[in-house]
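[1] sequence plus predicted model, see below.
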Amino acid sequence: MSSRRWIGQGELVLSQTSHPDIHHLFGLKDQVAIVTGASSGIGRACAIALGRAGAVVVVNHLSRSADAASEVVREIESAGGRATAFAADVSREEDVQAMFQEAVRKYGTVHILVNNAGIQSGARFQEMTIEQWRKVMAVNLDGQFLCAREAVREFLRRGPQPEISAATGKIICMSSVHQRIPWAFEVNYASSKGGIALMMQSLAQEVAPDRIRVNAIAPGAIRTPINREAWETPQAESELLKLIPYGRIGEPPDVANAVLFLASDLSDYVTGATLYVDGGMALYPAFRGSG
């Protein structure tokens, strides 16, 4: 048997087995969640956390990540949850539409979208190709637009289900501290995240009267494969920690815990907000003690 416990060092709010008290706390039991880019890193942690909290999870992945996505599904099921994997490139409109159609066919509707899929392709600005620029924008920004649009369409089609959730639907956009902090040599990535910030706020403003909540999470340095070079050696980790006042690198469950909050009715009066999960990186620690 497991129970709720204090969280630290990136620990999941849920232990390996689910518990009725957890289902009651978050109120996510039997809600259907689509998590994009869920075969690894932050997306994987979010999918597992939602599954352990009682949600039915669609684990989105690229075709080449089918084995990893199947492992996420198995982990959710081993904890007593329900999940299915679906291969879709979020930058392709037809793929996104097919994913939502299958989720609705299989589970009846969708209640939660975690708009997580993202990539990096950095270069010196003068050497950055238009292909690099477009690829990052296509996945990071176009992909979030396409998924959010399908989610809103489904939320409006279904209408409110107050017995399920106070909100008609919940969208959580995965942004970055670099929606706020400039990032040389990653201009395409930072630009895409800045776009996500205003897309999220504008959409939140538009659909709030329909009781659809749209929020974002801005992770800082999280220990995932996408930024391995920044933390995999002691020297690299030491340099990175200079940017993090809280004194540790984030772990994927740190972000997943924030997703549980924003997906639940615990945050029902929260919309158009960005929650920074960054150990204080966005506080510009280099300026501490300076005039």
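    Cool, got the structure.
[2] could you look up the next helix or strand downstream of the strand or helix carrying V214?
    In the assignment (DSSP states H and E), V214 maps to strand 212-219. Next in sequence after strand 212-219, counting helices and strands by DSSP H and E, comes helix 234-241.
[3] now that next one: buried residues?
    L240, L241 (16 or more other C-beta atoms under 10 Å). In this view, the C-beta of every residue, glycine as well, is placed from N, C-alpha and C.
[4] re earlier: ok, the strand holding V214: who's next to it in the sheet?
    The strands beside strand 212-219 in its sheet (DSSP bridges) come out as strand 169-174 (parallel), strand 274-277 (parallel).
[5] C-alpha coordinates for that strand, CSV please?
    Taking Å, rounded to 0.1, in the frame of the first residue of the first chain, the C-alpha atoms of strand 212-219 are listed here in CSV:
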residue,chain,number,x,y,z
ILE,A,212,-11.6,25.6,-20.7
ARG,A,213,-8.4,26.2,-18.8
VAL,A,214,-5.1,26.8,-20.6
ASN,A,215,-1.8,27.0,-18.7
ALA,A,216,1.9,26.5,-19.2
ILE,A,217,4.8,25.0,-17.3
ALA,A,218,8.3,26.5,-17.9
PRO,A,219,10.9,24.0,-16.8
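[6] buried set for it?
    Quick answer for strand 212-219 (16+ other C-beta under 10 Å): I212, R213, V214, N215, A216, I217, A218, P219.
[7] so where's the stretch 101-250 of the chain uncertain?
    Regions of the stretch 101-250 of the chain meeting the criterion pLDDT under 70 are absent.
[8] show me where it has its helices.
    Assigned by DSSP state H, counting those that start in this stretch, the stretch 101-250 of the chain shows helices spanning 130-137, 143-158, 187-207, 234-241.
[9] show me what the last one is packed against.
    The reference is to helix 234-241. Using 3 or more C-beta pairs under 8 Å, 6 or more residues apart in numbering; DSSP states H and E, no helix or strand is in contact with helix 234-241.
[10] who touches it?
    Residues outside helix 234-241 that contact it (C-beta atoms under 8 Å, 6 or more residues apart in numbering) are A221, E229, A230, W231, G247, R248, I249.
[11] output the residues you listed in a markdown table, with distance to R105 appended to each entry.
    Converted to a markdown table, those look like this (distance: C-beta to C-beta, whole Å):
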| residue | distance to R105 |
| --- | --- |
| A221 | 39 |
| E229 | 41 |
| A230 | 41 |
| W231 | 41 |
| G247 | 47 |
| R248 | 43 |
| I249 | 40 |
